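Undergrad: Output the structure for:
(chains A and B, ligands or ions: 2)
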Amino acid sequence: MVPVKQEKQLAEDKNGEGTIEQKSEVAVEIQDTDVYYGQEKAIDGVTLDVLRKEVTALIGPSGCGKSTLLRSINRMNDLIEGARVEGTIKVDGEDIYSKNTQVSKLRQKVGQVFQKPNPFPKSLYDNIAFGPRAYRHHLRKDKGILNSFSGFFQSGEKSPIDGRDMDDVVRDSLEQAALLEEVEGKIHESAMDLSGGQQQRLCIARALATKPEIILMDEPTSSLDPISAGKIEDLIDELSQEYTVLIVTHNMQQAARISDKTALLWLGELIEMGNTEGLFENPEKELTEKYITGRVG
Amino acid sequence: MLSEHEKAIKNVMMGVWFILASLSLAISIFLGFNPGALTGQFFSAIGGAIVIVTALNSFFFRRIESYQPPLRGYLLSSLLLLLVGIVFVFFPDQGVALPNLEGDITPKLVNISLFLIVTFITIWEGLMFYWENPAHNRELAVKYFTWLSVLIPLGVLIFFIVYTIMEGSSVIDWYFITQETDILRGKVGIFPAIMGTLSLIVGATVFAVPLGVGAAVFLTEYAKRGWIKQIVGVTADCLWSTPSIVFGLFGFVFLVPRITGHSTLLAGQIILAAMLLPLTIATSTEALSSVPDEFRNGSLALGASRWWTIRRVVLPSSVPSIVTGVLLGIGRIAGETAPIMLIAVASQTSAPNFFSLSPPYFHISALFREVDALPYRLYSIYKAGVGGSLQEAWGTALVLIVLVLMFYGLGITVRSYYRRRRGW
Ligand SMILES: Nc1ncnc2c1ncn2[C@@H]1O[C@H](COP(=O)(O)OP(=O)(O)OP(=O)(O)O)[C@@H](O)[C@H]1O
Ligand SMILES: [Mg+2]
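TA: Ligands and ions are numbered 1, 2, ... in the order given. Sure thing, here's the model as predicted:
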């Protein structure tokens, strides 16, 4: 049997709740959503809630629509020609497919980590500062052109998201992504020189720098060796204290180890979702049982 | 090993081989027999014979001897190449003159043809040698060929440069490159031509690069429809292969009357920009589409806009290729005479004068004057004997080559600088 993650430090969760004022427990609310690629229906009537500060794992066989579902939460599906979302997806209670949604703001709030590490061919520093700088660019566009020059006169660069020094943002993000120690002194060197696992943690750090609430991860460890993958798993565990994580994985053990909730998708439909422990130990549906024990899929 | 049957065939073939060899040798000597050109005749005759023999050898024996590395053919043709090469370089006028009706197959023609044929045969033999030798890995044939294809152009280039340096360096001094021709003192200077060419290049680049890169960005990042891309691609290819004199004519008929009515720097810049544009579009499109989508997705997922993504991720990653492409294009237009001849240049003009130390420091009017240009100066010296001696033409050519190479050097520097930071 796969080892199941223990109920997370309950006390801490309770404490945490107090600090989130008026924010509902639900970070992402997906209601009866279909996603089409042209005529083909890739997601069929999925309804599920992702709870705040939990790790939710999406499992299911290849081609069942996990990535599609993930991408529709930060509207990365918009980039795919012919992709269409029907239904309602709410992040923080706001419909993200409404006309007023600012996609930039949404993506700043909902970070994504990809299957293959994709750091930019820039320094580590510039990689991490990328999100905040892009954010500033959009802010300035709102404020008018004169502000564009304000950057030249400031002594140190500040993150426009929380007003902290960019240097601190970079260091904190690296620290949070458990990478700081390894790259100390190399922050201004090219990110391309890092190992795959380090690159992936850099991508996580890069996502953290925009102060997201939710982090989407699409098979973040599938291109890594077991040790690097282990480090990322530990990191996800750590991050779930502060962030909501939605992770796609093909690895049952991984899902069991790191997630609080698990959802099984099958041919675009949600088969079963529940506490990871429950789902792995007594699945309600026969299909779930078969899938997690590897008898189908 | 060869079977008995194969050995028999081989022996027969050897006989044929020898008969043919002696026959062709005889023919060559007979044809080439005219007194006073014995050295060349000798080489050419042997050459002619062995060429034929080697060719036959490679066509017939290959099949039979396939177990053995065909080293003999390779060595033979290499040796032959050396001989023919010596004749070609040092005794181009000696040798066989084939009688024909017009009498225009001269020894020179024979020698150069021999040289080319033997070169190809040698390459062929070499490839075969590596390809068919089981002891060698076939990679070696590829490697050999790659080296050849590097060495031959490099050799040609070095030859050109060395030759130009030998001919031209004697006239180059400080005066030559920094002053105008002084007729009274009889001193020639090509400064106006250098500045003219530089102004043309800079102007053309300033017009063409933003437009070309802009078009490429539109095509790769925004235009969803494939057919727009294809139309632009085909158009760019057509423009690129349009003869440069057509550009010149177009400028003369259409552009010049609409600017000042006479040749101007501006007209030259615009027409050269039009020539540079297709290459800029093509290389930029190529460069932009080679940037992996992962980078774009990474940037967009962080909340960056499309434009920010292009500016901060896509363009910086493609700078090296774009720069290389543009510099190649510049190398081409810098040496063009045809398009600017009718619309921008005149010999013996002074250097374009954009800047002065007294008000109004910048003179836009320089755009509306004629300029001199290096390729045009070369052309007028050769064709009309205007503007200097032949020695000075070589000097001008040398300056032009150095200028173009400087642009390439710049391109390579920029590229390697960015390559180091790219890495995918
Ligand atoms: N860009 C696209 N264009 C058209 N169809 C697509 C596209 N991406 C995915 N699909 C289709 O949508 C369905 C779901 O694909 P998706 O990538 O979401 O699966 P997945 O569960 O992530 O699979 P995997 O585990 O292999 O990553 C598949 O049938 C696939 O063919
Ligand atoms: Mg997927």
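Undergrad: for residue 188, helix, strand, or coil?
TA: Went with chain A since none was named. For A:H188, the assignment made with DSSP: H, G, I helix; E, B strand; the rest coil gives coil.
Undergrad: my bad, chain B
TA: strand.
Undergrad: list the buried ones in stretch B:311-329?
TA: B:312-329 (16 or more other C-beta atoms under 10 Å in any protein chain shown). Every residue, glycine included, has its C-beta placed from N, CA and C.
Undergrad: nope, stretch A:256-271 is what I meant
TA: Buried positions in stretch A:256-271, judged by neighbour count with 16+ other C-beta under 10 Å: A:256-266, A:268, A:270-271.
Undergrad: what about that stretch, start to end distance?
TA: Start and end residues of stretch A:256-271 are separated by 17 Å (C-alpha to C-alpha, to the nearest Å).
Undergrad: Next: stretch B:238-245.
TA: Span of stretch B:238-245 from end to end, C-alpha to C-alpha: 14 Å.
Undergrad: Show residues contacting it.
TA: B:A274, B:M275, B:L277, B:P278, B:L279, B:A282, B:E336, B:A338, B:P339 (C-beta atoms under 8 Å, 6 or more residues apart in numbering or on different chains).
Undergrad: Filter the buried residues of stretch A:256-271 down to just the ones in strands.
TA: Among the buried residues of stretch A:256-271, DSSP state E puts A:K261, A:T262, A:A263, A:L264, A:L265, A:W266, A:L270, A:I271 in strands.
Undergrad: which of the buried residues of stretch A:256-271 sit farthest apart?
TA: Put simply, by C-beta to C-beta the two of the buried residues of stretch A:256-271 set farthest apart are A:R257 and A:G268, 26.6 Å from each other.
Undergrad: How is A:R295 classified with respect to secondary structure?
TA: From three-state DSSP, the assignment for A:R295 is coil.
Undergrad: just checking, next helix/strand downstream of the helix or strand bottoming out on mean pLDDT in chain A?
TA: Lowest on mean pLDDT, DSSP states H and E among the helices and strands of chain A sits helix A:10-19, with a mean of 44. Once helix A:10-19 ends, the next helix or strand along the chain (criterion: DSSP states H and E) is strand A:26-37.
Undergrad: does any bit of that following strand sit next to ligand 1?
TA: Yes. Using C-beta under 6 Å from any ligand atom, strand A:26-37 reaches ligand 1 at A:Y37.
Undergrad: Measure how buried B:I165 is and give me the count.
TA: 16 (other C-beta atoms under 10 Å in any protein chain shown).
Undergrad: residues in contact with it?
TA: B:L398 are the contacts of B:I165 under C-beta under 8 Å, 6+ apart.
Undergrad: Look up how far ligand 1 lies from it.
TA: Relative to ligand 1, B:I165 is positioned 58 Å away (C-beta to the nearest ligand atom, to the nearest Å).
Undergrad: and that residue, what pLDDT?
TA: For B:I165, the pLDDT comes out at 89.
Undergrad: What distance do you get for the closest residue to A:A177 other than its chain neighbours to chain B?
TA: Distance criterion C-beta to C-beta, 6 or more residues apart in numbering or on different chains; nearest residue to A:A177, sequence neighbours excluded, is A:A205 at 3.7 Å. According to C-beta to the nearest C-beta, to the nearest Å, A:A205 and chain B sit 12 Å apart.
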